[in-house]
Structure formats: structure tokens, C-alpha cells
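Chemist: any chance you could fold what I've pasted below:
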Amino acid sequence: MKPNSKALIVGCGYIGLPLALRLQEEGHEITAWVHSEASAASLAAHSFHRIIVGSVADNDKWAALDELYDLVIHCASSGRGGESAYEQVFLKGALMMNAYQRDSRKLFVSSTSVYRQNEGEIVTEESPAEPDTATGRILRVAEKVVLWAGATVVRSSGIYGPNRGVLFEKFRRDEAVIEGDGLRWMNQIHQRDLVAALAYLIDAGERGEIYNATDDTPVTYLDFYTWCSGFLQKPMPPHGPVNLLRKRGLTNKRVSNAKLRYTGWEPIYPSFREGIAADHSPK
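Modeler: Residues are numbered from 1 along each chain as shown. As a prediction, this is how the structure comes out:
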């Protein structure tokens, strides 16, 4: 990105904030968009050029933007919401971004949940992305919307990091259950690695491509909890039935990061082991 560029971070939260700070340190002018006044207040110390508060689906908010940004990054979260939240945040947000920042370079953070493969397949960007959940289908349509406008799409696997890690925290609280035989595959990426991947693609000037952002090491639930057991010196969780009603659907796949790695990016934490150890080792 050229020096002193103007960047709009749509969703300046767990991923957007560290990315915004990184771009600001490089000398770029940052406009941060957040959903609530409380989130806006938490950004006050960072001296961003501008803070926008409200829904990313709000036509009036987009229309009120009085400048064209060099870069718009859509990394807003649905807040673990359902279909309605996905439509507002991802699909309508994407449509607004295209309409009001038509000539800006765009980056859209999506999810590997658009892949529904469930037989342990290795999944690349060339694999079919035909989600069978309502939220996944909405996200896939949003991807097509932004790709049509020349955006780069980054499909993130499950994000963990400081103060975030659902499975690890469930294990710590003795709430974890190994579903079935525990041999389904899952895919993860550390917050720092996802931020670094986005920054790398921005610097590389990528446009109109799809990249999987995930670490080097898909892992089964059984192996994940086995490692956690040793790391925390706690007994293994009990086994239980497979939850077939999960909101994001039941998948079993190994997501490849080979395309992103080929660009020159590599993860700081090749697996969850290094990432969790870094986050939870004594300081």
C-alpha cells in the first residue's frame, strides 16, 4: 500500500483493531468502524483519524462517508449470531461496501465454514464451496458479491488467541466433551497469524483472489484434548454424543494454507500447540 494511504477498517475488533494499529504504525490514516458506543470508547486512546459507530448494513452511515478510501477491510463479526446477523453484517455490509467504495481496494474476511466437506478431505481454494447451513450460504453469497467487485477474500479457520479460545477454555472449566470418537478434524489460526496474513496480502497488493488462512496443522478433537490434558495436567474430558444441531454445521475437513504460504507468508504458530503455549505460559 502506498505511503500515507487511507484505510477503513469495517469491524475494528478482535482482528480489525490489531490490524488497524499495525497499519497506523506504518503511517496510514485509519478510520475505524465499530458497532457500539462502548466499542468506540475503547478505541479512544488510539488516535485514529475517525471512528464510525453503527451497523455496517446502515445505508445512511455509508452515504455519509465523505471520502474514498484507498483500502477498505471488511472484518466485522456476526457476534455468533444467526441468519439475520449474517445477512446484516456480511451480505448487506458487502453490498454497501461495493456501492459506496466502488473504486477502493477491498479485503473481505470470510470463513472456512463455506466448505462443507465432512470426510476428512484436504480442502484447498479450488475445492467446492457449497455450504449446507443457512449462515454458510449467506456468507458464500457475500463472497461472490465482493469478488465481483475485485476484492480479495480471506477464508479464516477458527480463530483463537489472547482471551479467546472456546475449546481450550471449556477444557479448563471441565465443560469439554469429546463428541463421538473424537476423530473429526478441525482447523485453527491464531489471532496474530490472521492479522499478519491480512497485512501481508495488503502489502503484496493482492486483488481478486481467495486465500485460506489457517495454521499448518489440522488436528482431531481427540488429539487436541490429549495435548491440553498434558499441558494443563488435567484428566481427559468424557466422551459424549455428536451434536448434530450445531449452528455452524458439522464438518470434518483439513484446510490447506498452501496457496497463502506460496505467496511468502508463514504462520508464527505452526499449530495450536505453540499458540496456546505462548498465550498461557507464565510471563
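Chemist: buried ones in the helix or strand residue 212 falls within, by neighbour count?
Modeler: Assigned by DSSP states H and E, residue 212 belongs to strand 210-213. Taking 16 or more other Cβ atoms under 10 Å as the neighbour-count basis, strand 210-213 is seen to contain the buried residues 210-213. In this view, the C-beta of every residue, glycine as well, is placed from N, C-alpha and C.
Chemist: secondary structure element for the residue of the chain most remote from its centre?
Modeler: In terms of distance from the mean C-alpha position of the chain, residue 235 ranks first, at 31.1 Å (Cα atoms, centre = their mean). Assigned by DSSP H and E, residue 235 falls within no helix or strand.
Chemist: check which helices and strands the helix or strand residue 277 falls within sits against.
Modeler: Taking DSSP H and E as the criterion, the element that holds residue 277 is helix 272-280. If you count contacts as 3 or more Cβ pairs under 8 Å, 6 or more residues apart in numbering; DSSP states H and E, helix 272-280 packs onto strand 158-160, strand 188-190, helix 221-232.
Chemist: what's around the residue nearest to residue 205 when sequence neighbours are not counted, how many residues?
Modeler: Take residue 205 and drop its neighbours on the chain: the residue closest to it by Cβ to Cβ, 6 or more residues apart in numbering is residue 1, 7.7 Å away. One way to gauge burial is a neighbour count; for residue 1, by other Cβ atoms under 10 Å, it gives 18.
Chemist: does residue 1 touch residue 202 like I think?
Modeler: Yes - with contacts defined as Cβ atoms under 8 Å, residue 1 counts as touching residue 202 at a distance of 5.6 Å.
Chemist: now do the shared contacts for these two.
Modeler: With contacts taken as Cβ atoms under 8 Å, 6 or more residues apart in numbering, the residues that reach both residue 1 and residue 202 are 23, 71.
Chemist: quick revisit: now, of the helices and strands packed on helix 272-280, which is deepest in the fold?
Modeler: Ranked by mean neighbour count under mean count of other Cβ atoms under 10 Å, those are led by strand 188-190, which reaches a mean of 26.
Chemist: neighbouring strands for it, and are they parallel or not?
Modeler: For strand 188-190, the pairing partners within the sheet under DSSP bridges are strand 158-160 (parallel).
Chemist: any idea how far the strand it pairs with is from the middle of the chain?
Modeler: How far strand 158-160 lies from its chain's middle: 7 Å, per Cα atoms, centre = their mean, to the nearest Å.
Chemist: then stretch 214-234?
Modeler: Relative to where its chain is centred, stretch 214-234 has its mean C-alpha point 21 Å off (Cα atoms, centre = their mean).
Chemist: quick one: average pLDDT of that stretch?
Modeler: Model confidence over stretch 214-234, given as mean pLDDT, is 97.
Chemist: can you list contacts of that stretch?
Modeler: By Cβ under 8 Å, 6+ apart, stretch 214-234 touches 112, 156-157, 167-168, 171-172, 174, 176, 178-179, 181-190, 193, 235-237, 253-257, 267, 269-273, 275-277, 280.
Chemist: now swap in stretch 43-53 and tell me
Modeler: 6, 12, 17, 20-21, 24, 29-37, 39-40, 61, 65.
Chemist: if we use 6 Å, what do you get?
Modeler: Contacts to stretch 43-53, defined as Cβ atoms under 6 Å, 6 or more residues apart in numbering, come from residues 29-34, 37, 40.
Chemist: and the buried ones among the contacts of stretch 214-234, selectable in ChimeraX?
Modeler: In ChimeraX, this line selects whichever of the contacts of stretch 214-234 come out buried by 16+ other Cβ under 10 Å:
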select :112,156,157,167,168,171,176,178,179,182,184,185,186,187,188,189,190,193,237,253,254,255,256,257,267,269,271,272,273,275,276
